[in-house]
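[1] When you get a sec, could you give me coordinates for this:
(one chain, ligands or ions: 1)
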Amino acid sequence: MRTRVAFLGAGRIARALAGGLLRNEEDSWELVASTRTRESGETFGRAFPQARLYPEERNRDLVQESQIIFLCVKPQEVRGVLQQIRPATAGKWIISVAAGISLAAMAAEVAPSARLLRAMPNLPSLLGRGVTPYCLGPGWGADDRERAKKLLQRFGEAVEIEERFFPLLTVLVGCGPAYFCAFLAPLFRFAAESGLPAAAARRMLLATFSGTAELLKQTSLDPSEAVQESRTPGGITHAALTILEEGEWQETLRRALDAAWSRAKTLEKT
Ligand SMILES: NC(=O)c1ccc[n+]([C@@H]2O[C@H](COP(=O)([O-])OP(=O)(O)OC[C@H]3O[C@@H](n4cnc5c(N)ncnc54)[C@H](OP(=O)(O)O)[C@@H]3O)[C@@H](O)[C@H]2O)c1
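    Numbering: from 1, shown residues only. Okay, here's the model as predicted:
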């Protein structure tokens, strides 16, 4: 039997999650999604032509007709959406990926029998290569806990973890792909400006970075040790890293992480 899954909010992360869900077993899931504007829905619809799309005014109907609800709106929109759907939430699984919205804040807005799950997925969920830290609200039975974990494993690794870590995990896991890609973008530009054909550059740079990630994964090598492995004194890597160090790039990155963490913690308190 097909399970109907509703995405309330069908933007960036909803597209990644829907793609992860539909990866191999398209027949198991029936997707419905709602957005605020038509344009947003059309982008989702182009990616998933089998999904049925609705305007936000129909959120409650979507919840009524679905077993599993992914709440993928921006944090400031969560409470309003929960108040709108409240009468339809009894017994439903409500999975929120919104940064800064606690299980307790959600529980105050939905039917007591709704099963709440808070998650912080990331973009590689699209390929089943993401990681999803999650925590559960009260009332989940043992079988449903297992089913919920299996559902999240469609997106990659699923890690149950205490809710107090969520602001930090937002900074590291949710935002992580953006740091990596921000670092990668100038390397792509440099390769293009220096005359390497774009396809070859893309292939080799991505292989270099995914191979390095795999190296760290499969060995006990710490990233700082790995730097020293490729940094021969007086060598070419050394020349590059010296410039980065003169620019105090590690301190800059640290300030960026502190800023993100502080923002995530503030959001959690509002
Ligand atoms: N992006 C990520 O990598 C990522 C990772 C982890 C968690 N998250 C969390 O995911 C949530 C969404 O982020 P995003 O990056 O996907 O944002 P986004 O691309 O702006 O998507 C938000 C979606 O919500 C829709 N929406 C707004 N109000 C709505 C309503 N009342 N009912 C139904 N849909 C409504 C928007 O429609 P319109 O476009 O028409 O306004 C849009 O489709 C945030 O809470 C964020 O913390 C994001």
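
[2] all contacts plus neighbour counts: C-alpha atoms, from now on.
    OK.

[3] what's the model's confidence in the helix or strand where Glu146 lies, averaged?
    Using DSSP states H and E, Glu146 sits within helix 142-153. For helix 142-153, mean pLDDT rounds to 97.

[4] Does anything pack onto it? Which helices or strands?
    Judged by 3 or more C-alpha pairs under 8 Å, 6 or more residues apart in numbering; DSSP states H and E, helix 142-153 is in contact with no other helix or strand.

[5] so after it, what's the next helix or strand?
    Using DSSP H and E, the helix or strand that follows helix 142-153 in sequence is strand 156-160.

[6] Could you list the buried residues of that following strand?
    Within strand 156-160, the residues that count as buried by 16 or more other C-alpha atoms under 10 Å are 156-158.

[7] which ones are touching whatever residue of the stretch 151-270 of the chain ends up closest to the ligand?
    Ranking the residues of the stretch 151-270 of the chain by distance to the ligand (C-alpha to the nearest ligand atom) places Gly174 first, at 4.3 Å. By C-alpha atoms under 8 Å, 6 or more residues apart in numbering, the residues touching Gly174 are 120-123.

[8] helices and strands around the lowest-mean-pLDDT helix or strand in the chain, which ones?
    Of all helical and strand segments in the chain, the minimum by mean pLDDT, DSSP states H and E falls on helix 223-230, at a mean of 92. Using 3+ C-alpha pairs under 8 Å, 6+ apart, no helix or strand is in contact with helix 223-230.

[9] Mind listing residues that contact it?
    Residues outside helix 223-230 that contact it (C-alpha under 8 Å, 6+ apart) are 216, 237.

[10] Now the residue of the chain positioned farthest from its centre. Its backbone dihedrals?
    Distance to the chain centre peaks in the chain at Gly234, reaching 40.4 Å (criterion: C-alpha atoms, centre = their mean). Dihedral pair for Gly234: phi 80, psi 0, per degrees, to the nearest 10.

[11] Kindly report the same for the one 5 residues further on.
    Geometry field for Ala239 lists phi and psi as phi -60, psi -40, criterion degrees, to the nearest 10.

[12] Burial check on it, number of neighbours?
    Around Ala239 there are 13 other residues, counting by other C-alpha atoms under 10 Å.

[13] From Ser230, how far out is it?
    With the distance defined as C-alpha to C-alpha, to the nearest Å, Ala239 ends up 12 Å from Ser230.

[14] Just the buried residues from the contacts of Gly174, in ChimeraX please.
    Buried members of these, identified by 16+ other C-alpha under 10 Å, are gathered into one ChimeraX selection as follows:
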select :120,121,122,123
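
[15] If we check the ligand, which of the contacts of Gly174 are in contact?
    Among the contacts of Gly174, proximity to the ligand is found for 120-123 (C-alpha under 6 Å from any ligand atom).

[16] Out of those residues, which sit inside strands?
    When the ones next to the ligand among the contacts of Gly174 are checked against strands (DSSP state E), there are no matches.

[17] Could you identify the most distant pair in these?
    Largest separation among these by C-alpha to C-alpha: Met120 and Leu123, giving 10.3 Å.

[18] Show me where the stretch 51-200 of the chain has its strands.
    52-55, 68-71, 93-96, 115-119, 130-136, 156-160 (DSSP state E, counting those that start in this stretch).

[19] which of these is buried the deepest?
    Mean neighbour counts were taken over the strands of the stretch 51-200 of the chain using mean count of other C-alpha atoms under 10 Å, and the top value, a mean of 25, falls to strand 115-119.

[20] Tell me what angle that strand forms with strand 156-160.
    Interaxial angle of strand 115-119 relative to strand 156-160 (axes from the mean of the first three to the mean of the last three C-alpha atoms, to 10 degrees): 110 degrees.
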